[in-house]
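**Q** Okay, structure incoming, though there's no sequence with it:
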Ligand SMILES: [Zn+2]
């Protein structure tokens with residue numbers, strides 16, 4: 001059976017850039033455009049040249065795409081002007097875009113109220129503008145704004161608008177669910193009616209996620225005949241976002257019911273780059289990736305329940321709908337209070353410890369994890385503390401140092417200038433190799449003072465912790481067992497780019513922090529001094 005080709009159009013840099021708090025630089029745009037090109041997408045929409053200086057600058061350069069068409073976005077000509085005399089279109093024609101996507105109105109209500117021009121005039125503006133794009137030697141696309149609402153209100157007029165674009169030479173007429181309120185059945189029915197006027201191999205779909213159906217609506221449109229689909233990386237976009245192109249690609253490549261009917265420009269190998277590209281966007285946006293994002297999230301293939309884990313170890317298919325490697329993700333086994341032996345064995349194997357299931361040390365470790373989790377510890381997010389716990393149980397962690405005592409004071413007083421200040425000071429007594437070391441440090445809080453004091457003098461190990469730094473510090477008050485306790489999670493990093501998480505629990509926040517901090521230092525020494 002020959003497969004129908006679907007064309008993938010990414011609008012992260014245009015529609016996705018409408019998201020609150022997102023502001024791409026030219027360098028960001030170049031990086032993202034190249035990544036999208038590398039994974040085999042057909043179109044990369046870079047922005048709106050002429051609308052803002054960044055986009056104008058971006059379209060003045062060649063982003064160096066090898067396959068994808070470089071698309072500029074703009075509006076159909078204004079009423080009362082000719083296409084050749086329209087400043088908006090002129091900016092598009094001056095850009096280095098190889099394709100131009102023009103948005104236009106197809107909802108009579110918008111034409112009457114928002115544009116305030118005769119309906120016929122709007123149809124002519126669409127046709128003129130598309131003809132001008134074709135005449136410039138570029139591929140023309142038409143984004144039919146509010147198409148689904150427009151079609152419901154006045155199907156004849158909505159069809160007249162898009163037929164005008166199609167006849168004027170638009171390669172793709174893209175039906176936009178601009179308000180994002182449509183449901184899959186509506187989309188499938190309407191696209192099914194539209195294909196009788198504009199053939200499916202000239203029809204596209206652009207959806208928003210206001211009903212959490214953007215991906216489903218896109219698939220519904222394909223089912224009804226559309227052969228071009230638009231989306232953004234990780235579904236970023238105005239309000240609730242756009243269709244997530246990461247999920248769309250994964251579905252189209254990995255789900256047999258789709259991959260047997262349709263082909264895309266994305267190969268199986270390129271599909272395995274999805275996790276990397278999804279995380280690249282988060283890195284550029286400086287935000288933590290959504291752990292629960294389908295396919296590429298850190299938890300997408302995480303297994304926690306003991307029963308699940310033993311089944312996954314026998315055959316991952318029992319609890320995984322696709323193999324994690326297919327999208328470049330990895331399987332993760334969480335150690336938790338629900339931990340069965342399988343979780344522990346799996347986790348031990350990951351850190352290079354091979355034990356048999358019937359080894360009594362495994363049972364002991366499992367009991368200890370369960371008991372500590374009852375007290376409020378969590379090892380799901382604190383892999384380094386888990387590794388220390390496991391290796392200690394096996395006698396594999398040398399006692400690099402011992403903290404004999406510490407004292408932390410917090411003093412609130414008026415300074416010499418009469419200003420009210422709060423000063424924290426920590427004193428620690430540490431033994432390293434039989435030598436007792438005293439350190440005193442001030443900090444901008446008790447935990448910071450304690451951290452400074454602990455790391456001030458570690459004797460012969462000092463050089464190993466010089467590049468250690470705290471990246472994040474999270475405090476949670478929980479009721480566990482019989483009393484309220486504080487759990488502190490510390491994220492640390494070193495000069496070699498390694499990151500690790502440690503945990504401490506105590507009724508006292510300073511003591512909980514102390515545990516997490518000393519675990520972090522011990523882990524760092526183990527990384528450096530114990531060859532793996
Ligand atoms: Zn949109």
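**A** Looks like it arrived, so ask away. Remember, predicted model here, so these are calculated numbers, not experimental data.

**Q** contact partners of the one helix or strand residue 310 maps to?
**A** Using DSSP states H and E, residue 310 falls within helix 306-314. Applying C-beta atoms under 8 Å, 6 or more residues apart in numbering, the set of residues contacting helix 306-314 from outside is 303, 318-320, 331, 333, 338-343, 346. Heads up, the C-betas are built off the backbone N, CA and C, glycines and all.

**Q** Let's see that with 10 Å instead.
**A** 301-303, 305, 317-320, 331, 333-336, 338-347, 349, 357, 366 (C-beta atoms under 10 Å, 6 or more residues apart in numbering).

**Q** In strands only, show me those.
**A** Among those, the members found in strands (DSSP state E) are 302, 303, 333.

**Q** Which of the residues you listed are buried? Put it as a PyMOL command.
**A** The buried residues among these can be selected in PyMOL (16 or more other C-beta atoms under 10 Å) with this line:
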select buried, resi 302+303+333
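
**Q** which of the ones in strands among the contacts of helix 306-314 lies closest to residue 231?
**A** Closest to residue 231 out of these is residue 302 (25.0 Å), distances taken as C-beta to C-beta.

**Q** quick one: contacts for the closest residue to the closest one other than its chain neighbours?
**A** The shortest distance from residue 302 to any non-neighbouring residue, by C-beta to C-beta, 6 or more residues apart in numbering, is to residue 332 (4.1 Å). Neighbouring residues of residue 332 by C-beta under 10 Å, 6+ apart: 298, 299, 300, 301, 302, 303, 304, 324, 346, 347, 350, 380.

**Q** run the last query once more with 7 Å
**A** 298, 301, 302 (C-beta atoms under 7 Å, 6 or more residues apart in numbering).

**Q** same thing with residue 471?
**A** Contacts of residue 471 (C-beta under 7 Å, 6+ apart): 491, 492, 493, 499.

**Q** gap between it and residue 388?
**A** 18 Å (C-beta to C-beta, to the nearest Å).

**Q** now do residue 95
**A** For residue 95 relative to residue 388 (C-beta to C-beta), the value is 56 Å.

**Q** between the two, who's got more neighbours?
**A** residue 95 (24 against 21; other C-beta atoms under 10 Å).

**Q** Tell me which residues touch the nearest residue to the more buried one once chain neighbours are set aside, please.
**A** Nearest residue to residue 95, sequence neighbours excluded (C-beta to C-beta, 6+ apart): residue 59, at 3.6 Å. Going by C-beta under 7 Å, 6+ apart, residue 59 touches 46, 49, 72, 95, 96, 97.

**Q** So, low pLDDT: which residues of the protein?
**A** 305-306, 335-339, 480-482, 531-532 (pLDDT under 70).

**Q** before we move on, what SS does the residue lying farthest from the centre of the chain have?
**A** The outermost residue of the chain relative to its centre, with distances by C-alpha atoms, centre = their mean, is residue 416 at 49.8 Å. The three-state assignment at residue 416 reads coil, by DSSP: H, G, I helix; E, B strand; the rest coil.

**Q** what does stretch 175-184 contact?
**A** 143-149, 187, 191, 194, 203-211, 213-214, 216-217, 220, 239-240.

**Q** quick one: terminal-to-terminal distance for that stretch?
**A** 14 Å (C-alpha to C-alpha, to the nearest Å).

**Q** for the top helix by length along the chain, packing partners?
**A** Identified as the longest helix of the chain according to DSSP state H is helix 509-529. On a contact count with 3 or more C-beta pairs under 7 Å, 6 or more residues apart in numbering; DSSP states H and E, helix 509-529 meets helix 383-393, strand 402-414, helix 446-454, helix 462-465, strand 483-493, strand 499-506.

**Q** which residues sit against the fifth one?
**A** Going back to what we said before, that points to strand 483-493. Under C-beta under 7 Å, 6+ apart, the answer for strand 483-493 is 376, 378, 381-382, 468-478, 499-509, 512-513, 516-517, 520, 524.

**Q** Make a PyMOL selection of the buried ones in these.
**A** One line in PyMOL is enough to select the buried ones among these; burial here means 16+ other C-beta under 10 Å:
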select buried, resi 376+378+382+468+470+473+500+501+502+503+504+505+506+509+512+513+516+517+520+524
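
**Q** Ignoring the adjacent residues along the chain, who's closest to residue 402?
**A** residue 431 (4.9 Å).

**Q** mind listing the helices for the stretch 251-400 of the chain?
**A** In the stretch 251-400 of the chain, the segments counted as helices under DSSP state H, counting those that start in this stretch are 256-259, 268-271, 274-285, 306-314, 341-350, 360-375, 383-393.

**Q** mind giving me JSON lines with these and columns for distance to residue 164?
**A** JSON lines is the format used below for those (distance: least, C-beta to C-beta, whole Å):
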{"stretch": "helix 256-259", "distance to residue 164": "32"}
{"stretch": "helix 268-271", "distance to residue 164": "36"}
{"stretch": "helix 274-285", "distance to residue 164": "36"}
{"stretch": "helix 306-314", "distance to residue 164": "55"}
{"stretch": "helix 341-350", "distance to residue 164": "60"}
{"stretch": "helix 360-375", "distance to residue 164": "65"}
{"stretch": "helix 383-393", "distance to residue 164": "59"}
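
**Q** quick one: which of those is nearest residue 107?
**A** Across those, closest to residue 107 is helix 256-259 (C-beta to C-beta), at 30.8 Å.

**Q** ok so, going back, can you tell me which of the helices and strands packed on helix 509-529 is nearest to residue 171?
**A** strand 499-506 (46.4 Å).

**Q** strands paired with that closest one, and their directions?
**A** Neighbouring strands of strand 499-506 in its sheet, by DSSP bridges, are strand 483-493 (antiparallel).

**Q** what residues are up against residue 91?
**A** Here residue 91 is in contact with 49, 50 (C-beta under 7 Å, 6+ apart).
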